[in-house]
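>>> Sequence first, predicted model second:
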Amino acid sequence: MMAANAGPPTVARCFGENLRRCRKRADLSQEEVGLLSSLHRTEISLLERGTRIPRINTLIKLAAALGVPAATLLAGIEWGPGQVEAGKFDIEGRK
């Protein structure tokens, strides 16, 4: 669970919470998930703690190991494109 003053969830933290929830639901240890996904246990720990963001192949391996759709591990993760304004790009120090 997130602390009340932790601020909005980051992509890494949200993914980690989803991974931990799915792992516990499957009644697997971090080591077991690591073995099933061909990842080291410490990688599973780093991902669950939100200190690392998985690559796409890692996401697919984890989903397969846990028997869930990849979308389940991505639940609640949102992103929106930034704003682009024509002619507003500025490189510092160039005229």
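That came through, no problem.
>>> now the closest residue to Gly50 other than its chain neighbours: how far from Thr51?
Spatial nearest neighbour of Gly50, chain neighbours left out: Arg13 (3.5 Å); criterion: C-beta to C-beta, 6 or more residues apart in numbering. Any C-beta I mention is one placed from the backbone N, CA and C, and that applies to glycine too. Distance of Arg13 to Thr51, given as C-beta to C-beta, to the nearest Å: 9 Å.
>>> Give me the pLDDT value at the residue nearest in space to the middle of the chain.
When C-alpha atoms, centre = their mean is applied to the chain, the residue found nearest the centroid is Phe15 (3.2 Å). Looking at Phe15, its pLDDT reads 97.
>>> on that earlier part again, who has more neighbours out of Arg13 and Thr51?
A count of neighbours by other C-beta atoms under 10 Å puts Arg13 above the other of Arg13 and Thr51, at 19 against 11.
>>> Work out for me the element the more buried one sits within.
Per DSSP states H and E, Arg13 falls inside helix 11-25.
>>> For the residue nearest to the centre of the chain, give me its contacts.
Neighbour list for Phe15: 47, 50, 53-54, 73-74, 77 [criterion: C-beta atoms under 8 Å, 6 or more residues apart in numbering].
>>> let's see it at 10 Å
Contact analysis of Phe15 by C-beta atoms under 10 Å, 6 or more residues apart in numbering lists 9, 47-48, 50, 52-54, 59, 62, 73-77.
>>> Narrow those residues to just the buried residues.
Taking 16 or more other C-beta atoms under 10 Å as the criterion, what is buried in those is 9, 47-48, 50, 52, 54, 59, 62, 73.
>>> From these, pick the one nearest Val33.
Leu62 (7.1 Å; C-beta to C-beta).
>>> Just confirm the closest one contacts Leu36, I think it does.
Yes - Leu62 is in contact with Leu36 according to C-beta atoms under 10 Å; the separation is 8.9 Å.
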